[in-house]
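Undergrad: model this:
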Amino acid sequence: MADKKQEKNKGGISEVDKSYIAGIIDGEGCIYLGFNKTINSTRGSFTAGITVEMACKSVPEWIFKRVGGTLSSRQRPHSDKIMWQWKISGGSSREFLKDIKHYLVEKQKEAELYLDFGKNITTCGRVEISDEERDRRLNLIQEMKLSRKKQYE
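TA: Got it, this is the predicted structure:
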């Protein structure tokens, strides 16, 4: 299936929906920060996003209709199951996370790190950043990894 893209619901999201989505993200979602070192670049690139992936279509699609982002599907390796994924990234993901952060329980720290990671981002796409900003982001990625590790100990 090709990715479906949609802009954020212009009417806003109710507080009840925000709390429900936060619960889904706490249990089934992923708030991620990453760094990809590319072969043709000495600097690499950063990535950040929020995802929910489930075997049922209804919940990721419900979130997609309210929040925007992308909705896609993939076949699970060695299985007949189809997995459905909702994903949001960029500036809209930061605005969304600010709206639901206070409802998060398990992923509260990850949300704080995600928002800190994005605070100096002013544009999308590849832009040159200072060494200090690069180091700051790499440290936040490491902090996120440590935060996750502590969750599962």
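Undergrad: what lies in contact with the strand ranked longest in the chain?
TA: In the chain, with assignment by DSSP state E, the single longest strand is strand 45-54. Contact with strand 45-54 is made by 24-25, 28-36, 38, 59-60, 63, 83-89, 93, 96-97, 114, 117-118, 126, 137, as judged by Cβ atoms under 8 Å, 6 or more residues apart in numbering. To be clear about C-beta, it is placed using only N, CA and C from the backbone, and glycine gets the same treatment.
Undergrad: who does it pair up with?
TA: Counting by DSSP bridges, the strands paired with strand 45-54 are strand 29-36 (antiparallel), strand 82-88 (antiparallel).
Undergrad: buried ones in the longest one?
TA: Right, strand 29-36. Neighbour counts over strand 29-36 (16 or more other Cβ atoms under 10 Å) mark 29, 31-33 as buried.
Undergrad: widest-spaced pair of those?
TA: Greatest spatial distance among the buried residues of strand 29-36 (Cβ to Cβ): G29 and L33, at 14.1 Å.
Undergrad: ok, now which ones touch L138?
TA: If a contact means Cβ under 8 Å, 6+ apart, then L138 has F35 as its contacts.
Undergrad: measure it to S147 for me?
TA: Separation of L138 from S147 (Cβ to Cβ, to the nearest Å) stands at 15 Å.
Undergrad: show me where this structure has helices.
TA: Secondary structure of the chain by DSSP state H: the helices cover 15-28, 58-67, 91-100, 108-118, 131-151.
Undergrad: got the buried residues for the longest one?
TA: Of all the residues in helix 131-151, those buried under the rule 16+ other Cβ under 10 Å are 137, 140-141, 143-144.
Undergrad: that older thread, distance from the longest strand of the chain to the middle of the chain?
TA: Chain-centre distance of strand 45-54: 4 Å, with Cα atoms, centre = their mean, to the nearest Å.
Undergrad: pLDDT on that strand, on average?
TA: Per-residue pLDDT values over strand 45-54 give a mean of 93.
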